[in-house]
Every structure is written in C-alpha cells, then in structure tokens.
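**Q** What follows is a predicted structure for the sequence shown.
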Amino acid sequence: MNLLIYTNSLLFTFLTLLHIYWAFGGRWGYSSAIPTTNQGKPIFQPGRIACLLVAFGLIGFFLITVSVKIPGVPARLQALHPLALTLIGIVFGLRAIGDKNYVGLFRKLSETEFGQMDKKLFTPLCLYLSISSAILAFFS
C-alpha cells in the first residue's frame, strides 16, 4: 500500500507542476496534451485559469492520497478517505474511458499526435490512477 501512496503522490506532484508550468506559458509537452481533429485543429484551448483549476484539483488528490499515511489525521477525516479515494478513482476511470471520439480507450481518432500519446501514455496513466486509487480506497 505504501508503494501505491508514494507512486500516486509523486505522479500527482509531477502533474500539478506540469499544469502550473503550462498556466504560466510553458510549452514543453503542451502540444501533445491537447486533442486535435485530423486537420490538426485543437478541439479546445485551455487557458491559464483552466490549467490552474486542474493543478488545484491535482493538489487535492495529492493531499487526499498522502494523508492516508500521515499520523494524527483526525478520525472524522480518516473516515472520508475511502470515499475521497473512490471519487479520485472514478474521475480517472471516466477519463480513461473517454469521450469515444478524441480521448480514452474507445477513441476513434488515434492518428493525431495527441491520439498516439493518449494510447501510449495518457490513458494507461489514467487507468493506473483509477485502479490504484480504488485499491487504496478499499484498504484505507
């Protein structure tokens, strides 16, 4: 269980920092992280606020995950761990399933740069975070 907590916490930290980097103009990895049409047109353009909102959500996921092992967490908050971890698992499970067009396991469009990254990295990462969060929820 410790390995899952540490791995997930590290992933949430990296993803948080990446979204903050993008929010303030960073471009590394940005083009491959945005779904596009076959013609290369992005299907949405996340701005600074959207990137920061995702970053804050990821910080919350980090805090929930790491607090499973922090001594002294009040019993009322500990009782919420299974529910919170289950919700994290659902969020990433839904992302892994996707929209059936551009993202996820059942995407129709896989020939784009994003489609290739989604197939090789993004969807497997979301599946891992979904399953590992569910495991943590079960054992917490």
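**A** Received it, and whenever you're ready, just let me know what you need. Predicted model only: the values in this text are computed from it and were never measured.

**Q** Please count neighbours and contacts with C-alpha atoms only from this point.
**A** Noted.

**Q** Would you state the helices of this structure in chain order?
**A** Counting by DSSP state H, one finds helices in the chain at the ranges 2-23, 48-66, 75-78, 81-97, 113-117, 123-139.

**Q** who wins for proximity to Gly40 among these?
**A** Using C-alpha to C-alpha as the measure, helix 113-117 is the one of the helices of the chain that comes nearest Gly40, at 8.8 Å.

**Q** That closest one: which residues count as buried?
**A** The neighbour-count criterion (16 or more other C-alpha atoms under 10 Å) identifies 113-115, 117 as the buried residues of helix 113-117.

**Q** pLDDT below threshold where in this structure?
**A** For the chain, no stretch has pLDDT under 70.

**Q** hmm, back to that, biggest separation within the buried residues of helix 113-117, which pair?
**A** The largest separation in these, counting by C-alpha to C-alpha, is between Glu113 and Met117 at 6.4 Å.

**Q** Residues that sit against both of those two, list them.
**A** Listed as contacting both Glu113 and Met117 by C-alpha atoms under 8 Å, 6 or more residues apart in numbering are Ser32.

**Q** Make CSV out of the helices of the chain and add distance to Leu105.
**A** Shown next, in CSV, are those (distance: least, C-alpha to C-alpha, whole Å):
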stretch, distance to Leu105
helix 2-23, 21
helix 48-66, 21
helix 75-78, 33
helix 81-97, 5
helix 113-117, 10
helix 123-139, 7
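
**Q** do you know which of those helices lies nearest Pro42?
**A** helix 113-117 (9.8 Å).

**Q** what's the closest one in contact with?
**A** Identification of contacts with helix 113-117 by C-alpha under 8 Å, 6+ apart yields 31-36, 102-103, 109-110.

**Q** which one of those is nearest Leu10?
**A** Taking C-alpha to C-alpha as the measure, Leu10 sits nearest to Ala33 out of the contacts of helix 113-117, at 19.4 Å.

**Q** buried set for stretch 104-123?
**A** For stretch 104-123, a neighbour-count test (16+ other C-alpha under 10 Å) marks 104-105, 107, 109-110, 112-115, 117-119, 122-123 as buried.
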